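# This is the structure alone, sequence omitted:
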Ligand SMILES: NC(=O)C1=CN([C@@H]2O[C@H](COP(=O)(O)OP(=O)(O)OC[C@H]3O[C@@H](n4cnc5c(N)ncnc54)[C@H](OP(=O)(O)O)[C@@H]3O)[C@@H](O)[C@H]2O)C=CC1
Ligand SMILES: CCCCCCCCCCCCCCCC(=O)[C@@H](N)CO
């Protein structure tokens, strides 16, 4: 009897260890002297991520298309140097066009600044509008930049990371990559796709000590956002008010902190927290407490989420009625 109890205890302990072992947090990456590549590093969130890493002693490669914007950003970043060895390298390339080209430039960057320790996939753009108003080419373009651009850059660095048994890859998704909202039929799928890629890739590369992070920023005050707002449907604007507009510096700090720690999920604010718990699905966890919070809070957050959905539906309905009214008064004029 005693023996049976002891055996049961051992089995339970082993089971517990087995469950807990993948949950043990990774060792933080050391940024001083590390090589960080930021796609979309010449503007907005990407620029602030680059500055944040540079301030912590990293060597930076900026990737974007427009050369003069790249050079201007390089100058801006260099103001924050913490030692005189630090370098900011600029590469002008379209991450969505030719994989061979992207692979080549990343090879050159690694020859100059050493193997990539951290890749931040931030190059991206958004187009909003009603489904029928968006040309199908918009859907293709967004998928090319936001999704395939991230696949290309990651594919070009992963082999070296695996050889070195270290590295970080960050995908900048969006809150619109956690929930599909009015106006985002072309954009949201590209951000949801990044999550699928990140989950599958993380499972492959974890034994090689490589950690993948997916960031879900809310609306953030950037040149890209200023552009987006010009053509945003009223419905999208009103719905987006559910979550506040963040500063790019603040978003960048959170992304860099989570990437260093190797956290899979990176979110900002209380609505970001709720969304990340609510949409955790089968995503990996990097701390036992994270998993526990998801188990405990999921039901409650679903209830809160249903209220949000109800209010979004009523925004859409009200806008439709308003539009029909103004159309009919236009006709009678
Ligand atoms: N701002 C926001 O509200 C939010 C943004 N995001 C995401 O964060 C990321 C950055 O957004 P944000 O800072 O607002 O964007 P910005 O428009 O301010 O900056 C975009 C950056 O990406 C580069 N870029 C765009 N297309 C390409 C391309 N094909 N190849 C290479 N580089 C490219 C741009 O440079 P260039 O044009 O010279 O190539 C620029 O450096 C995007 O993925 C966006 O979807 C997520 C949530 C909220
Ligand atoms: C419990 C559940 C809480 C639910 C809260 C839901 C809030 C949703 C607001 C989403 C705003 C959309 C941000 C898109 C940002 C973006 O990617 C673009 N700006 C890019 O340019």
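Noted; the coordinates are in hand. Quick caveat: nothing in here was measured; it's all calculated off a predicted structure. Numbering: from 1, shown residues only. Ligands and ions are numbered 1, 2, ... in the order given.

# For the rest of this, base every contact and every neighbour count on C-alpha atoms.
Fine.

# Show me what stretch 208-218 is in contact with.
Stretch 208-218 is touched from outside by 26, 161-162, 165-178, 194-195, 198, 201-202, 205, 243-246, 251, 255, 258-259, 262-268, 272, with contacts defined as C-alpha atoms under 8 Å, 6 or more residues apart in numbering.

# can you check stretch 60-68 too?
For stretch 60-68, using C-alpha under 8 Å, 6+ apart, the contacting residues are 35-42, 50, 53-54, 70, 87-95, 109, 123.

# Any of those residues buried? List them.
The neighbour count (16 or more other C-alpha atoms under 10 Å) marks 35-42, 50, 53-54, 70, 87-95, 109, 123 as buried among these.

# and the helix or strand harbouring residue 272, is it in reach of ligand 2?
Counting by DSSP states H and E, the element that carries residue 272 is helix 269-278. Yes: Helix 269-278 comes into contact with ligand 2 (C-alpha under 6 Å from any ligand atom), by way of 271, 274-275.

# elements contacting that helix?
helix 288-332 (3 or more C-alpha pairs under 8 Å, 6 or more residues apart in numbering; DSSP states H and E).

# quick check: angle from the helix it packs on to helix 269-278?
Helix 288-332 and helix 269-278 are oriented at 110 degrees to each other (axes from the mean of the first three to the mean of the last three C-alpha atoms, to 10 degrees).

# Wondering if helix 288-332 reaches ligand 2 at all.
Yes: shown here: helix 288-332 in contact with ligand 2 (C-alpha under 6 Å from any ligand atom) through 301, 304-305.

# just checking, what packs against that helix?
Using 3+ C-alpha pairs under 8 Å, 6+ apart: helix 288-332 touches helix 234-240, helix 269-278.

# Give the buried residues for the helix holding residue 272.
Under 16+ other C-alpha under 10 Å, the buried positions of helix 269-278 are 271-272, 274-278.

# Say whether ligand 1 is contacted by the helix or strand harbouring residue 60.
In this structure, residue 60 is located in strand 59-64 according to DSSP H and E. Yes: Strand 59-64 reaches ligand 1 (C-alpha under 6 Å from any ligand atom) through residue 64.

# burial of residue 220, as a residue count?
Counted with other C-alpha atoms under 10 Å, the neighbours of residue 220 add up to 19.

# er, residue 44 I mean
Neighbours of residue 44 using other C-alpha under 10 Å come to 21.

# contacting residues for it?
So, once contact is read as C-alpha under 8 Å, 6+ apart, residue 44 ends up touching 221-224, 248.

# Check residue 57 too.
Shown in contact with residue 57 (C-alpha under 8 Å, 6+ apart): 31-34, 81-83, 86.

# Put the buried members of those residues into a ChimeraX selection.
A single ChimeraX command selects the buried members of those (16+ other C-alpha under 10 Å):
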select :31,32,33,34,81,86
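
# Turn the contacts of residue 57 into a markdown table, columns for distance to ligand 1 and secondary structure.
Below are the contacts of residue 57 laid out as a markdown table (distance: C-alpha to the nearest ligand atom, whole Å; DSSP: H, G, I helix; E, B strand; the rest coil):
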| residue | distance to ligand 1 | secondary structure |
| --- | --- | --- |
| 31 | 22 | coil |
| 32 | 24 | coil |
| 33 | 23 | coil |
| 34 | 21 | coil |
| 81 | 21 | coil |
| 82 | 23 | coil |
| 83 | 25 | coil |
| 86 | 21 | coil |
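
# hmm, back to that, tell me the one among the residues of helix 288-332 next to ligand 2 nearest to ligand 2.
residue 305 (3.9 Å; C-alpha to the nearest ligand atom).

# mind checking how far the closest one is from residue 176?
According to C-alpha to C-alpha, to the nearest Å, residue 305 and residue 176 sit 14 Å apart.

# More neighbours: which of these two?
Legend: neighbour count by other C-alpha under 10 Å for residue 305 and residue 176, higher for residue 176 (21 against 16).

# wait, is the more buried one part of a helix?
Yes: when classified by DSSP: H, G, I helix; E, B strand; the rest coil, residue 176 is found to be part of a helix.

# residues contacting it?
The neighbours of residue 176, taking C-alpha under 8 Å, 6+ apart as the test, are 184, 187-188, 191-192, 216, 218.

# Pull out the buried positions in stretch 54-72.
54-65, 70-71.

# cool, stretch 141-155 as well?
In stretch 141-155, counting by 16+ other C-alpha under 10 Å, buried: 141-154.

# Next, format those as JSON lines and append secondary structure and pLDDT.
Output for those, formatted as JSON lines (DSSP: H, G, I helix; E, B strand; the rest coil; pLDDT from 0 to 100):
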{"residue": "141", "secondary structure": "helix", "pLDDT": "98"}
{"residue": "142", "secondary structure": "helix", "pLDDT": "98"}
{"residue": "143", "secondary structure": "helix", "pLDDT": "98"}
{"residue": "144", "secondary structure": "helix", "pLDDT": "98"}
{"residue": "145", "secondary structure": "helix", "pLDDT": "98"}
{"residue": "146", "secondary structure": "helix", "pLDDT": "98"}
{"residue": "147", "secondary structure": "helix", "pLDDT": "98"}
{"residue": "148", "secondary structure": "helix", "pLDDT": "98"}
{"residue": "149", "secondary structure": "helix", "pLDDT": "98"}
{"residue": "150", "secondary structure": "helix", "pLDDT": "98"}
{"residue": "151", "secondary structure": "helix", "pLDDT": "98"}
{"residue": "152", "secondary structure": "helix", "pLDDT": "98"}
{"residue": "153", "secondary structure": "helix", "pLDDT": "98"}
{"residue": "154", "secondary structure": "helix", "pLDDT": "98"}
